[in-house]
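**Student:** Take this sequence and fold it.
(one chain, ligands or ions: 1)
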Amino acid sequence: MFRSRRPRYQAVVESVVRIAPRMARITLGGPGMAAFRCDEPTQWVKLFVTDPADGSSVGRAYTIRRYIPERPAVVIDIVLHGNGPAARWAEAAVPGQEVSFGGPRGSFSADARADFYLLAGDESAQPAVLTIAESLPPGVRALAYLEVEGPQAEMDVASPADLDVVWVHRAVGQPKGRALSEALRSASTPPGRGVAWAAGESISIRDIRRHLHDHLGMGRNEAYAKGYWKLDEADHRDPDASD
Ligand SMILES: Cc1cc2nc3c(=O)[nH]c(=O)nc-3n(C[C@H](O)[C@H](O)[C@H](O)COP(=O)(O)OP(=O)(O)OC[C@H]3O[C@@H](n4cnc5c(N)ncnc54)[C@H](O)[C@@H]3O)c2cc1C
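**Tutor:** Just a heads-up that it's a prediction; the model follows:
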């Protein structure tokens with residue numbers, strides 16, 4: 001998934017802002033990032049941080065929500081799920097802290113033959129879905145299903161496309177991802193050739209992948225679906241993802 005020959009960059013935490021009750025927006029900058037480039041939606045880096053609980057170092061994948069080349073800086077939105085080293089780091093992060101990251105990896109480009117786009121994600125994939133939404137061609141039909149804990153976690157979505165956003169609220173105690181896969185299964189899609197992009201909890205993404213293939217008739221070139229994390233598994237790598 002990640003090869004160590006990717007360049008590694010040193011960065012400093014410039015700011016930390018809560019953009020939702022359980023989501024921190026962290027801006028990283030500094031001269032160590034001068035050679036970094038990121039020019040496609042969904043691109044991600046492996047962020048190396050220190051767990052404040054025990055001082056161990058870990059690397060975890062995070063999407064570049066925004067790249068600001070003139071500073072240079074990157075903005076990363078991190079889910080504060082409270083249960084892993086990177087989430088704990090983000091919850092305690094303060095300006096001035098040093099981190100490093102490698103990458104970027106991943107890619108997304110609009111498909112000129114798509115009649116509509118179907119996008120789906122839980123909070124971990126919300127940054128990637130939003131980068132896609134912002135990059136879609138003007139006027140193309142798009143539907144984005146985003147699972148969050150409730151209305152307090154919804155946010156504005158900008159897109160040149162003809163985009164409808166469906167905010168899917170998790171019931172209290174419901175495992176993450178289940179409401180998203182249920183909503184996707186009952187979604188009615190526009191006619192024509194659809195292109196889907198989905199990511200989030202791995203088991204729910206497996207269900208979504210099956211639905212895209214078996215019920216919406218999308219092949220591998222039309223449907224990208226990747227588990228970004230897995231319930232009760234640290235540092236999950238999705239064996240079924242195509243990258
Ligand atoms: C390509 C890619 C891009 C990603 N982009 C983002 C991003 O922009 N923002 C983001 O927040 N995440 C993103 N993720 C997901 C993130 O890498 C994982 O959530 C990662 O597991 C977090 O590491 P951790 O150290 O907090 O937890 P881990 O040590 O990996 O896991 C510890 C425990 O926490 C649980 N856990 C992990 N993630 C979550 C979660 N989101 N909600 C609830 N429980 C969880 C696990 O099931 C496990 O039980 C991305 C993943 C990939 C593969």
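
**Student:** okay, CA-based contacts and neighbour counts for the rest of this
**Tutor:** Noted.

**Student:** From the contact counts, what lies against the longest helix seen in the chain?
**Tutor:** In the chain, assigned by DSSP state H, the helix with the most residues is helix 202-214. Under the contact definition 3 or more Cα pairs under 8 Å, 6 or more residues apart in numbering; DSSP states H and E, helix 202-214 sits against helix 178-185, strand 194-201, strand 223-229.

**Student:** quick one: the strand ranked longest in the chain near the ligand?
**Tutor:** Determined from DSSP state E, the single longest strand within the chain is strand 8-20. No. Residues of strand 8-20 are not located near the ligand by Cα under 6 Å from any ligand atom, the shortest gap being 11.9 Å.

**Student:** Could you list the buried residues of that strand?
**Tutor:** 8, 9, 10, 11, 12, 13, 14, 15, 16, 19, 20 (16 or more other Cα atoms under 10 Å).

**Student:** can those go into TSV with extra columns for pLDDT?
**Tutor:** Formatted as TSV, the buried residues of strand 8-20 follow (pLDDT from 0 to 100):
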residue	pLDDT
8	95
9	98
10	98
11	98
12	98
13	98
14	98
15	98
16	98
19	98
20	97
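
**Student:** Quick one: the residues you listed as CSV, columns for distance to residue 74 too.
**Tutor:** Output for the buried residues of strand 8-20, formatted as CSV (distance: Cα to Cα, whole Å):
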residue, distance to residue 74
8, 14
9, 12
10, 12
11, 10
12, 10
13, 10
14, 10
15, 11
16, 12
19, 16
20, 19
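
**Student:** which residues touch the residue nearest the centre of the chain?
**Tutor:** Centroid-nearest residue in the chain: residue 125, 2.7 Å away (criterion: Cα atoms, centre = their mean). Contacts for residue 125 (Cα atoms under 8 Å, 6 or more residues apart in numbering) come out as 198, 199, 200, 228.

**Student:** So what angle separates the directions of the longest helix of the chain and helix 178-185?
**Tutor:** 10 degrees (axes from the mean of the first three to the mean of the last three Cα atoms, to 10 degrees).

**Student:** Go through helix 202-214 and flag the buried ones.
**Tutor:** 202, 203, 204, 205, 206, 207, 208, 209, 211, 212.

**Student:** Return the residues of this protein in contact with the ligand.
**Tutor:** 44, 60-63, 77-79, 81, 83-87, 124-125, 127, 228-235.

**Student:** of those residues, buried ones?
**Tutor:** The neighbour count (16+ other Cα under 10 Å) marks 44, 60-63, 77-79, 85-87, 124-125, 127, 228-230, 235 as buried among those.

**Student:** and those, which of them are in strands?
**Tutor:** Using DSSP E, those in strands are 44, 60, 61, 62, 63, 77, 78, 79, 228, 229.

**Student:** Pretty sure the third one sits against residue 48.
**Tutor:** No. At 9.0 Å, residue 61 does not count as touching residue 48 under the criterion of Cα atoms under 8 Å.

**Student:** Which parts of this protein are helices?
**Tutor:** 85-92, 126-135, 178-185, 202-214.

**Student:** Can I get those helices in JSON lines including mean pLDDT and distance to residue 117?
**Tutor:** Formatted as JSON lines, the helices of the chain follow (pLDDT from 0 to 100; distance: least, Cα to Cα, whole Å):
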{"stretch": "helix 85-92", "mean pLDDT": "98", "distance to residue 117": "30"}
{"stretch": "helix 126-135", "mean pLDDT": "98", "distance to residue 117": "9"}
{"stretch": "helix 178-185", "mean pLDDT": "97", "distance to residue 117": "13"}
{"stretch": "helix 202-214", "mean pLDDT": "97", "distance to residue 117": "12"}
